[in-house]
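Participant: Below are the sequence and a predicted model for it; my questions follow.
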Amino acid sequence: MCNSLNIVSYVSRGGTIELPIFIACSALITYLSRNGLRERHSYGYYRFFLLEFILLLIVANLHAWFNDPLSPLQVLSWVSLLVSVYLAISGFRLLGLKGATGTEESDELVESGIYRRIRHPLYSSLLFLALGVYLKKPSLFSLILILGSVFTLMATVVAEEKLNEEKFGSRYVDYKRRTKAFIPYIF
């Protein structure tokens, strides 16, 4: 009988469960991104590749998630992952309150709560997720994946901000001047 403890043990011993996990999750990401993939240069198109990079990073480091849990890198990793969860919950909650359709599009410019400090808490969440997963087991391969994540994240944000400027006009331009993209007061 296979339970979650056996799966964790299997993976930590170098099992090959990573490929089926990657294929299943990638199929789900592809399905959910199908509309964005039809419009090249849309934020949904770039976001698909961002999610794929992060998925690959997660699967590549899956075996190291619980190794040496009190080491400085693991502690930093968990802090980054907790920040990621906080940002995602805060962002989705506010969008839901503002009548967002789908996963993030809102008919009004959201400037309250976490959006008062940063324009992209959901993308910031993905940035902290990628960092947290990278810190689980830093390697050259993981570094390449996190750099790919950052590159596609930036492309996603550029495309989405262009759309937001078209949709909200000077209000969005002013909002951009007043807020940072990912980390309050810094970046």
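Facilitator: It's in.

Participant: got the contact list for the residue nearest the centre of the chain?
Facilitator: By CA atoms, centre = their mean, the chain has its centre lying nearest to Leu126, at 2.0 Å. Applying CB atoms under 8 Å, 6 or more residues apart in numbering to Leu126 gives the contacts Leu50, Leu51, Ile54, Ser84, Ser149, Leu153. All C-beta atoms are positioned from the backbone trio N, CA, C, and that covers glycine.

Participant: Show me what the host helix or strand of the second one is in contact with.
Facilitator: Applying DSSP states H and E as the criterion places Leu51 in helix 43-60. Contact partners of helix 43-60, identified using CB under 8 Å, 6+ apart, comprise 18, 21-22, 25-26, 29-30, 33, 35-37, 39, 126, 129-130, 133-134, 141-142, 145-146, 148-149, 152-153, 155-157, 159-160, 163.

Participant: Recalculate using a threshold of 6 Å.
Facilitator: 18, 21-22, 25, 29, 33, 36-37, 130, 133, 145, 148-149, 152-153, 155-156, 159-160 (CB atoms under 6 Å, 6 or more residues apart in numbering).

Participant: now these: which count as buried?
Facilitator: Buried residues within the contacts of helix 43-60, defined by neighbour count using 16 or more other CB atoms under 10 Å: 18, 22, 25, 29, 33, 36, 130, 133, 145, 148-149, 152-153, 155-156, 159-160.

Participant: Next SSE downstream of the helix holding Leu51?
Facilitator: Later in the chain than helix 43-60, the nearest helix or strand by DSSP H and E is helix 72-97.

Participant: Show me what that next one is packed up against.
Facilitator: helix 121-136 (3 or more CB pairs under 6 Å, 6 or more residues apart in numbering; DSSP states H and E).

Participant: CA atoms only for the helix it packs on - export them in CSV, please.
Facilitator: Extracted C-alpha coordinates of helix 121-136, given in CSV (Å, rounded to 0.1, in the frame of the first residue of the first chain):
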residue,chain,number,x,y,z
PRO,A,121,1.5,40.5,-5.1
LEU,A,122,0.6,37.3,-7.0
TYR,A,123,3.7,37.5,-9.2
SER,A,124,5.7,38.5,-6.1
SER,A,125,4.3,35.4,-4.5
LEU,A,126,5.7,33.3,-7.5
LEU,A,127,9.1,35.1,-7.1
PHE,A,128,9.3,34.2,-3.4
LEU,A,129,8.1,30.6,-4.3
ALA,A,130,10.9,30.2,-6.8
LEU,A,131,13.4,31.6,-4.4
GLY,A,132,12.2,29.3,-1.6
VAL,A,133,12.4,26.3,-3.8
TYR,A,134,15.8,27.2,-5.1
LEU,A,135,17.2,27.5,-1.6
LYS,A,136,16.1,23.9,-0.8
